[in-house]
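> Take a look and give me a structure for this.
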Amino acid sequence: MSTSSFIVAAMRRGCTRTFRQPVPTSLVQCCLQSTQQPISAARLPCRVKVSAGKRYAWCACGHSKKQLSTLPSEPVIPSKKPFKVELIGGKRYSWCTCGQSKKQPFCDGAHKTRAQGLSPLRFVPEKDATVWLCGCKYTNNQPYCDGTHKQDFIISALLHEHTD
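As a prediction, this is how the structure comes out:
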């Protein structure tokens, strides 16, 4: 079994071990979701600049235009309290899921540059209502507050401050 075949077999079995030995071939194994054949790896190893605290994904199949990309971000906490909002029935709203928006609790598009991988939750209420929308972004009932902001991990967390 070639090294690349072994890695794919291990991935299919759910193995999470990191393989430190280089694959002894000029091909890099194609990701499991891809239907395309692997292509020759270009400029391996490559030099990249990474930032502390971010998670990264490396494209191993060679088909991606960005060989290294950040994984979906975790939301930041813009508020430790919910937002009381008057919603109009039938109107479409975009609730910020990343916490980066300056128009909380609604999206202003900040996720496109500051929280790639996260996107707003779009919803249309059935009728006019006054509701409490989550401000901590960790609710289990998006976009509505479920009291998660009262848990220790939110209480002890730092609030996100916008920088321009």
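> Enumerate every residue touching residue 136.
By CB atoms under 8 Å, 6 or more residues apart in numbering, the contact set of residue 136 is 77, 78, 79, 80, 148, 149, 154. Yep, even glycine has a C-beta here, placed from its N, CA and C like the rest.
> Confirm that the fourth one sits in a strand.
Yep, that's residue 80 we're talking about. No: counting by DSSP: H, G, I helix; E, B strand; the rest coil, residue 80 is not part of a strand but coil.
> Can you turn the buried part of the contacts of residue 136 into a ChimeraX selection?
Filtering the contacts of residue 136 down to the buried ones (16 or more other CB atoms under 10 Å) takes a single ChimeraX command:
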select :77,78,79,148,149,154
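> what's the farthest-apart pair in the contacts of residue 136?
78 and 148 (13.9 Å; CB to CB).
> which residue ranges form the strands in this protein?
Listed in chain order, the strands of the chain (DSSP state E) span 56-58, 68-70, 83-87, 93-95, 121-123, 129-133.
> Of all those, which one is nearest residue 110?
strand 93-95 (11.7 Å).
> All the helices of the protein, in order from the start?
In the chain, the helices defined using DSSP state H lie at 3-12, 111-114, 152-155.
> pLDDT of the first one, averaged?
Same thing as helix 3-12. For helix 3-12, mean pLDDT rounds to 40.
> Over to the second one?
Predicted confidence along helix 111-114 averages 88 (mean pLDDT).
> From residue 122, how far off is residue 106?
11 Å (CB to CB, to the nearest Å).
> Just name the shakiest helix or strand of the protein by mean pLDDT.
Ranking every helix and strand in the chain by mean pLDDT, DSSP states H and E puts helix 3-12 at the bottom, with a mean of 40.
> Could you report the neighbour count for the closest residue in space to residue 126 that isn't next to it in sequence?
Of all residues not flanking residue 126 in the chain, residue 89 sits nearest, at 5.8 Å (CB to CB, 6 or more residues apart in numbering). Neighbour count of residue 89, defined by other CB atoms under 10 Å: 10.
> what's near enough to touch residue 89?
By CB under 8 Å, 6+ apart, the contact list for residue 89 reads 125, 126, 127, 128, 129.
> which ones are touching the closest residue in space to the last one that isn't next to it in sequence?
Just to be clear, that refers to residue 129. Once flanking residues are discounted, residue 129 sits nearest to residue 87: 5.3 Å by CB to CB, 6+ apart. Residue 87 makes contact with 93, 125, 128, 129, 130, 131, according to CB under 8 Å, 6+ apart.
> Can you say which of these are buried?
residue 93.
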